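Peer 1: Take this sequence and fold it.
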Amino acid sequence: MISFPNAKINLGLHITAKRSDGYHEIESCMVPIPLVDALEMIVDTKKTTFSTTGLDVPGDAKDNLILKAYHLLKKDFPNLPHISIHLHKNIPMGAGLGGGSADAAFALTMMNNLFDLILDDFFLEEYAAHLGSDCPFFIENIPQIARGRGEILEPVTLDLKGTHMMLINPGVHIGTKEAYAGVSPKKPARKLEEILADKARWKDELINDFEASILPNHPEISAIKSKLYENGAYYSAMSGSGSSVFGLFEEKPSSMKWDDGYFQFEGML
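Peer 2: Numbering: from 1, shown residues only. A predicted model of the protein is given here:
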């Protein structure tokens, strides 16, 4: 069985409160995009294995979220057979695109189908929440507003059909500590749903709270955002805590030249 876990972008991202457990409360509209990894699972009679190709996946394989998803299900379904897992990594990691979360969520859905577990989305989202804050979003994998740690999801009406997206990642690593150090949690002045309903308001009002401190500290990220606007984007923002920046266009923009070391992706939403 093979599937293609996709990345996501954030339309607005508010840090609304700091929780007693150390996490932060957020509010964001997450949207799936057609930048994908490839994930394959085959039943194995001997042992469970995990391998990767494509972009380098750092860390010990046993700590990968895909394997954690397998062992999480195996606790409740001890008769799960061994599987051979292969991931071809194409989504940049630590880039604000949710690639690792997508891989884990798609793994849960694949195993649900492969082993006929007959778990509905509600239960899959509960499993996914144990793996990471963004993971539940990728179970339904439709535009949704995320609140809480990111696991409280509500579908949103959002018409992006025909929108051309350009995504650029300069390869700058933004650590969690740096990202949150420049943020003062606060309740947003306007409802996110209200802003999303009017694209004319997006440029000025659809804000990613991380940008206020990250863009001044990383001028190359700020320059990407400015260049996307200069070339006709009706909206541009950093996704998540960065460092990926995307631009949304009504029509495909003219070719733009970027630094050779930058990751580039274009696609239709």
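Peer 1: per-domain residue ranges of the protein.
Peer 2: Recorded structural domains for the chain (assignment: automatic domain parsing) are 2-155, 164-268.
Peer 1: got TSV for those domains, with mean pLDDT and mean neighbour count too?
Peer 2: (Glycine included, C-beta is placed from N, CA and C.) Output for these, formatted as TSV (pLDDT from 0 to 100; neighbours: other CB atoms under 10 Å):
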stretch	mean pLDDT	mean neighbour count
domain 2-155	95	18
domain 164-268	93	16
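Peer 1: so which strand or helix has residue 100?
Peer 2: helix 99-114 (DSSP states H and E).
Peer 1: Centre of the chain to that helix, how far?
Peer 2: Centroid separation for helix 99-114 versus its chain: 14 Å, with CA atoms, centre = their mean, to the nearest Å.
Peer 1: what helices or strands is it leaning on?
Peer 2: strand 2-3, strand 6-18, strand 38-44, helix 65-76, strand 82-89, helix 121-131, helix 137-140 (3 or more CB pairs under 8 Å, 6 or more residues apart in numbering; DSSP states H and E).
Peer 1: want to throw the ones you listed into JSON lines with distance to residue 146?
Peer 2: Below are those laid out as JSON lines (distance: least, CB to CB, whole Å):
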{"stretch": "strand 2-3", "distance to residue 146": "22"}
{"stretch": "strand 6-18", "distance to residue 146": "9"}
{"stretch": "strand 38-44", "distance to residue 146": "23"}
{"stretch": "helix 65-76", "distance to residue 146": "18"}
{"stretch": "strand 82-89", "distance to residue 146": "24"}
{"stretch": "helix 121-131", "distance to residue 146": "11"}
{"stretch": "helix 137-140", "distance to residue 146": "6"}
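Peer 1: Out of those, which is closest to residue 164?
Peer 2: Evaluated over the helices and strands packed on helix 99-114, closeness to residue 164 peaks at strand 6-18, with 13.3 Å, by CB to CB.
Peer 1: on that earlier part again, wait, which of the helices and strands packed on helix 99-114 is closest to residue 210?
Peer 2: Closest of the helices and strands packed on helix 99-114 to residue 210 is strand 6-18, at 6.6 Å (criterion: CB to CB).
Peer 1: Relative to residue 212, how far out is the most centrally placed residue in the chain?
Peer 2: For the chain, the residue sitting closest to the mean C-alpha position, by CA atoms, centre = their mean, is residue 98 at 2.5 Å. According to CB to CB, to the nearest Å, residue 98 stands 22 Å off from residue 212.
Peer 1: And residue 43, by the same measure?
Peer 2: With the distance defined as CB to CB, residue 43 ends up 49 Å from residue 212.
Peer 1: Helix, strand, or coil at residue 213?
Peer 2: Assigned with DSSP: H, G, I helix; E, B strand; the rest coil, residue 213 falls in the helix class.
Peer 1: pretty sure it is touching residue 182, no?
Peer 2: Yes. With contact defined as CB atoms under 8 Å, residue 213 reaches residue 182; the gap is 2.3 Å.
Peer 1: What residues are recorded as beta-bridge partners of the residue nearest to residue 148 when sequence neighbours are not counted?
Peer 2: Leaving aside its sequence neighbours, residue 148 sits nearest to residue 25 (CB to CB, 6 or more residues apart in numbering; 6.3 Å). Listed by DSSP bridges, the beta-bridge partners for residue 25 are residue 17.
Peer 1: again, but for residue 13
Peer 2: Residue 13 has the following beta-bridge partners by DSSP bridges: residue 28, residue 208.
Peer 1: gap between it and residue 261?
Peer 2: 26 Å.
Peer 1: what does residue 163 give?
Peer 2: 27 Å.
Peer 1: now residue 173
Peer 2: Applying CB to CB to residue 173 and residue 261 gives a distance of 13 Å.
Peer 1: Next: residue 234.
Peer 2: Counting by CB to CB - residue 234 and residue 261 are separated by 27 Å.
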